[in-house]
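Engineer: sequence first, predicted coordinates after that:
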There are 2 protein chains.
Amino acid sequence: MLKLFDLAGADDNRRFSSYCWRVKLALAHKQLPVETIPWRFTEKDRIAQSGQGRVPVLVDGDKWIADSWTIANYIEDTYADRPSLFGGGAGRALSRFYVGWADSILQPAIARLILRDILDHVHAKDRGYFRQSREERYGKTLEEVVADREKSLPAFHAKLRPLRTVFQDQPFLGGTAPLQSDYIVFGSFQWARTTSAFELLAKDDLVHAWRERMLDLYDGLARKAPAEAA
Amino acid sequence: MLKLFDLAGADDNRRFSSYCWRVKLALAHKQLPVETIPWRFTEKDRIAQSGQGRVPVLVDGDKWIADSWTIANYIEDTYADRPSLFGGGAGRALSRFYVGWADSILQPAIARLILRDILDHVHAKDRGYFRQSREERYGKTLEEVVADREKSLPAFHAKLRPLRTVFQDQPFLGGTAPLQSDYIVFGSFQWARTTSAFELLAKDDLVHAWRERMLDLYDGLARKAPAEAA
């Protein structure tokens, strides 16, 4: 069976990595059972065989594969008889931009709203690492990053306009059914949901309705996960 | 032969609409010859048969089709034996997000850098309309919109990060060859090029190299067009 090293919090069942969620939904899409292994930021030695120190790391027999995009491509090619994550070569190429947008625009924008909340769920042995690495990255304390977050919401909502253009016309980024592009973008919302009660979206936002559809997928895989959001 | 109403400036040959460029490149991709008809903002009556008042408007026999996305879908379906703009159903669905990103993020970001320059190329009979409609939209004068534009460049470049993620891996958004997604995004850069000498991109930017590739397509269709940029 496939194994996935999956970032966990103080509670083994609190799985909050955006990038691991991209992979877990991709595996469900491909109908591939997986054993997820709770892992913490500071356990670099346990995934050393992947040649780097971050999760997700997928273990398939003697293969160790890191990076959510690399893993998605690996399972697409290795399990080609299963439902496609990309819908063909053009779909695969066009999915790359979603990785760029989620990583460089969406994820940092959500971080500015929830970063301090994450700390409350991080395992005790990871807390020093988490605070220090994030505060170095942002050049301010976790508390300062999220200060006045209610005031940041309109700017955050403006960044989501490209999603609304899509959801005016179709239920998923991939069309009538989800594709890897949906999992890429949803991962960041699930990261927020699993660590913070702060509501990112208004109930009448088209993105909210899409997020509900994503939470329902695969027998509620993402909805059932331990979370802070209602 | 297909006809396209194409926004023109004071000079008939100065064609500067982002949205018309999306269509002209799509037609070239599909190897469909087209007669472009210079059109000005205030000539609503000439395209009334399309049921609205903006270009691009494609005329194919007795069919009048407006809106660049609708036109791309129309020519994809009507001329299905020609090279595909989307690379299949998933590619078509995944292209919608590019429209959203170009329309709501890229185009407004470029406008804040070049909007006043456009006025110098707008036909005399359109100038009043252009200034008034844009100043109402932005709530400030054209001159105020672009004030201190050099200082806005770093924020503009940050918005392009998702494109750089793609171009680290592949030459076009569509993969090894361009698709409609490339034409959607390129349209905004061509809008700037045809109206403004203000350089948007550093020479070592991966987006700059992609723009050069786009300018070379179809025997230099976009590069040969009358422009302000070098």
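Structural biologist: Arrived safely, thanks for sending.
Engineer: where along chain A do the strands fall?
Structural biologist: With strands called from DSSP state E, chain A shows them at A:2-7, A:34-39, A:57-60, A:63-66.
Engineer: quick check: residues of chain A near chain B?
Structural biologist: Residues of chain A lying near chain B by C-beta under 8 Å from any C-beta of the partner chain: A:84, A:86-101, A:103-105, A:159, A:161-166, A:169-170, A:172-176, A:179, A:181. For the C-beta atoms, the positions are set from N, CA and C on the backbone; glycine is no exception.
Engineer: try it again at 7 Å.
Structural biologist: A:86-91, A:93-97, A:99-101, A:103-105, A:161-163, A:165-166, A:169-170, A:173-175, A:179, A:181 (C-beta under 7 Å from any C-beta of the partner chain).
Engineer: before we move on, back to that, switch the strands of chain A over to CSV; also include mean pLDDT and mean neighbour count.
Structural biologist: Supplementary listing: the strands of chain A in CSV, determined by pLDDT from 0 to 100; neighbours: other C-beta atoms under 10 Å in any protein chain shown:
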stretch, mean pLDDT, mean neighbour count
strand A:2-7, 98, 21
strand A:34-39, 98, 18
strand A:57-60, 98, 22
strand A:63-66, 98, 17
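Engineer: so where is chain A shaky, pLDDT-wise?
Structural biologist: Scanning chain A with the threshold set as pLDDT under 70 gives A:230.
Engineer: and with 50 instead?
Structural biologist: For chain A, no stretch has pLDDT under 50.
Engineer: buried residues in stretch A:73-81?
Structural biologist: For stretch A:73-81, the neighbour count (16 or more other C-beta atoms under 10 Å in any protein chain shown) marks A:73, A:74, A:75, A:76, A:79 as buried.
Engineer: distance to residue A:140 added to the strands of chain A, as JSON lines?
Structural biologist: Compiled in JSON lines, the strands of chain A are given as follows (distance: least, C-beta to C-beta, whole Å):
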{"stretch": "strand A:2-7", "distance to residue A:140": "23"}
{"stretch": "strand A:34-39", "distance to residue A:140": "28"}
{"stretch": "strand A:57-60", "distance to residue A:140": "31"}
{"stretch": "strand A:63-66", "distance to residue A:140": "29"}
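Engineer: nearest to residue A:220, out of these?
Structural biologist: Taking C-beta to C-beta, strand A:34-39 is the member of the strands of chain A nearest to residue A:220, at 16.2 Å.
Engineer: please identify the pairing partners of that closest one and their relative orientation?
Structural biologist: Strand A:34-39 pairs in its sheet with strand A:2-7 (parallel), by DSSP bridges.
Engineer: okay, the partner strand in PDB with CA atoms only?
Structural biologist: Output of strand A:2-7 as PDB, limited to C-alpha atoms (Å, rounded to 0.1, in the frame of the first residue of the first chain):
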ATOM      1  CA  LEU A   2       1.100   3.600  -0.700                       C
ATOM      2  CA  LYS A   3       2.300   5.600   2.300                       C
ATOM      3  CA  LEU A   4       2.200   9.300   2.700                       C
ATOM      4  CA  PHE A   5       4.100  11.300   5.300                       C
ATOM      5  CA  ASP A   6       1.500  13.900   6.300                       C
ATOM      6  CA  LEU A   7       2.100  16.900   8.500                       C
END
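Engineer: name the nearest of the buried residues of stretch A:73-81 relative to chain B.
Structural biologist: Closest approach to chain B among the buried residues of stretch A:73-81 (C-beta to the nearest C-beta): residue A:73, at 10.7 Å.
Engineer: separation between that closest one and residue B:179?
Structural biologist: According to C-beta to C-beta, to the nearest Å, residue A:73 and residue B:179 sit 19 Å apart.
Engineer: restricted to helices, list the buried residues of stretch A:73-81.
Structural biologist: Per DSSP state H, helices hold the following members of the buried residues of stretch A:73-81: A:73, A:74, A:75, A:76.
Engineer: residue B:116: which of those is nearest?
Structural biologist: Proximity of these to residue B:116 (C-beta to C-beta) peaks at residue A:73, which lies at 44.9 Å.
Engineer: contacts only, for residue A:178.
Structural biologist: A:172, A:217 (C-beta atoms under 7 Å, 6 or more residues apart in numbering or on different chains).
Engineer: what ranges does chain A have for its helices?
Structural biologist: Using DSSP H, helices in chain A cover A:18-29, A:68-78, A:89-101, A:107-119, A:127-138, A:142-145, A:149-159, A:161-167, A:180-195, A:206-220.
Engineer: chain center to the third one, what's the gap?
Structural biologist: Read it as helix A:89-101. 16 Å (C-alpha atoms, centre = their mean, to the nearest Å).
Engineer: in it, what counts as buried?
Structural biologist: A:90, A:91, A:92, A:93, A:94, A:95, A:96, A:97, A:98, A:99, A:100, A:101.
Engineer: the first one now?
Structural biologist: Applying a neighbour-count criterion of 16+ other C-beta under 10 Å, one finds A:18, A:19, A:20, A:21, A:22, A:23, A:24, A:25, A:26, A:27, A:28, A:29 buried in helix A:18-29.
Engineer: what about residue A:51, neighbour count?
Structural biologist: 10 (other C-beta atoms under 10 Å in any protein chain shown).
Engineer: specify the beta-bridge partners of the nearest residue to it once chain neighbours are set aside.
Structural biologist: Spatially, and ignoring its direct neighbours in sequence, residue A:51 is nearest to residue A:66 (6.9 Å; C-beta to C-beta, 6 or more residues apart in numbering or on different chains). Note on residue A:66: beta-bridge partners by DSSP bridges are residue A:57.
Engineer: isn't residue A:66 up against residue A:52?
Structural biologist: Yes: with contact defined as C-beta atoms under 7 Å, residue A:66 reaches residue A:52; the gap is 5.2 Å.
Engineer: quick one: residue A:113 and residue A:147 touch, right?
Structural biologist: No: the pair residue A:113 / residue A:147 is not scored as a contact, 10.8 Å apart, by C-beta under 7 Å.
Engineer: between the two, point out the one with more neighbours.
Structural biologist: residue A:113 (20 against 13).
Engineer: burial count for residue A:133?
Structural biologist: Residues within reach of residue A:133, counting by other C-beta under 10 Å, total 12.
Engineer: any figure for the gap between it and chain B?
Structural biologist: 21 Å (C-beta to the nearest C-beta, to the nearest Å).
Engineer: do you know how far that residue is from residue B:29?
Structural biologist: 45 Å.
Engineer: please apply the same query to residue A:227.
Structural biologist: For residue A:227 relative to residue B:29 (C-beta to C-beta), the value is 45 Å.
Engineer: now do residue A:184
Structural biologist: Distance from residue A:184 to residue B:29, by C-beta to C-beta: 27 Å.
Engineer: likewise for residue A:116?
Structural biologist: 48 Å.
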